[in-house]
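In: Have a look at this prediction, sequence included:
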Amino acid sequence: MSVEIWWGSGSGPAWRVLLGAAIKGVPLESHLMSFSAGDTRSDWFRAINPRGKVPTVRDGDFVLNESLAILAWLDRKHPDPPLFGRTAEETGLVWRWALEHENHANAALGAVARPIAFGRAPYESDAVRAAIPAMHEELRRLEHAVEGGRPLVGDTLSAADLVWFCGLQFLVRAATRPAAEAFDLGLLPLADHYPSILAWVRRIEAIEGYEQTQPPHWFESDPPSPRRLS
Ligand SMILES: N[C@@H](CCC(=O)N[C@@H](CS)C(=O)NCC(=O)O)C(=O)O
């Protein structure tokens with residue numbers, strides 16, 4: 001029986017899990033949820049995951065949500081290649097990087113990306129401008145850690161890379177939208193501002209099956225909205 005996944009287009013946490021499964025070559029039975037149609041709030045989904053969040057996976061009778069928990073579970077079920085390090089030290093560092101994203105970088109990058117991506121930038125322009133230095137602080141930290149395109153920890157991609165990559169992609173997508181033109185983000189092209197991050201992005205994009213993990217609506221004309229990703 002294959003592992004089922006409920007996910008949503010543009011959800012960074014869901015994308016992490018799709019990438020982790022791709023790295024491990026684990027097939028997933030896909031259930032693509034529509035945020036705008038209210039799928040995550042539906043009774044049938046709440047019966048699977050009462051919190052109503054994606055990603056959620058089901059393997060037989062076992063149901064799990066929270067993307068980092070899912071990646072850790074997947075890693076125990078399919079240990080090779082490891083997503084949480086090969087040594088105790090690497091495991092500690094993978095968790096440290098992943099949690100630093102969750103507890104620090106996610107807010108710093110999101111403070112710039114979210115208003116732009118969700119159409120709030122014209123009303124929150126002062127807040128976006130004020131958030132730009134902290135965004136660069138996090139990106140400089142990443143640039144240094146992935147020097148030359150190397151993984152964040154050890155010599156193979158780990159959960160830490162996947163977590164930061166999905167956060168970065170949301171920011172980069174926001175930076176390419178017309179609403180971003182009102183700001184001097186100093187982000188694109190990445191090759192000029194953050195060459196090591198670009199090399200690292202290319203490494204992740206080279207994962208076999210990467211194309212199938214990309215958020216489908218990013219390739220449609222439909223703009224993201226707060227409802228879709230709230
Ligand atoms: N910490 C959770 C975050 C899950 C989460 O917030 N998912 C959002 C999409 S990114 C969701 O399902 N939102 C739908 C809703 O709230 O109705 C994880 O890492 O899995």
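Out: That came in fine, so what should we check first?
In: Would you enumerate the residues in contact with the residue nearest to residue 72 when sequence neighbours are not counted?
Out: Take residue 72 and drop its neighbours on the chain: the residue closest to it by CB to CB, 6 or more residues apart in numbering is residue 84, 6.4 Å away. For every residue, glycine as well, the C-beta is placed using N, CA and C. Residues in contact with residue 84 (CB atoms under 8 Å, 6 or more residues apart in numbering) are 71, 72, 75, 90, 91, 94, 95, 158, 159.
In: what does the domain assignment say about the chain?
Out: Structural domains annotated on the chain: 3-77, 88-219, as defined by automatic domain parsing.
In: Please tell me how far the residue nearest the centre of the chain sits from residue 92.
Out: Most central in the chain under CA atoms, centre = their mean is residue 166, positioned 2.4 Å from the mean C-alpha point. Residue 166 is 22 Å from residue 92, where distance means CB to CB, to the nearest Å.
In: hang on, residue 19 in a strand?
Out: No: Residue 19 is assigned helix when assessed by DSSP: H, G, I helix; E, B strand; the rest coil, not a strand.
In: before we move on, the earlier item: which one of the contacts of residue 84 sits closest to the ligand?
Out: residue 71 (9.4 Å; CB to the nearest ligand atom).
In: ok, the closest one touching residue 16?
Out: Yes: with contacts counted by CB atoms under 8 Å, residue 71 reaches residue 16, the gap being 6.5 Å.
In: where do the contact lists of those two overlap?
Out: Counting by CB under 8 Å, 6+ apart, the contacts common to residue 71 and residue 16 are 159, 162.
In: Which positions in this structure make contact with the ligand?
Out: 8, 11, 13, 35, 40-41, 52-55, 66-67, 230 (CB under 6 Å from any ligand atom).
In: Could you identify the pair within those residues that is furthest apart?
Out: 41 and 67 (19.3 Å; CB to CB).
In: Looking at those two, which is more packed in?
Out: Legend: neighbour count by other CB atoms under 10 Å for residue 41 and residue 67, higher for residue 67 (29 against 10).
In: how about the nearest residue to that one, chain neighbours excluded?
Out: residue 13 (3.7 Å).
In: Low-confidence ranges, the protein, go.
Out: Across the chain, the ranges flagged by pLDDT under 70 are 221-230.
In: just so I have it, where are all the helices in it?
Out: All helices of the chain, identified by DSSP state H, fall at 12-24, 43-48, 67-77, 88-100, 106-117, 125-145, 159-175, 190-193, 195-205, 210-213, 226-229.
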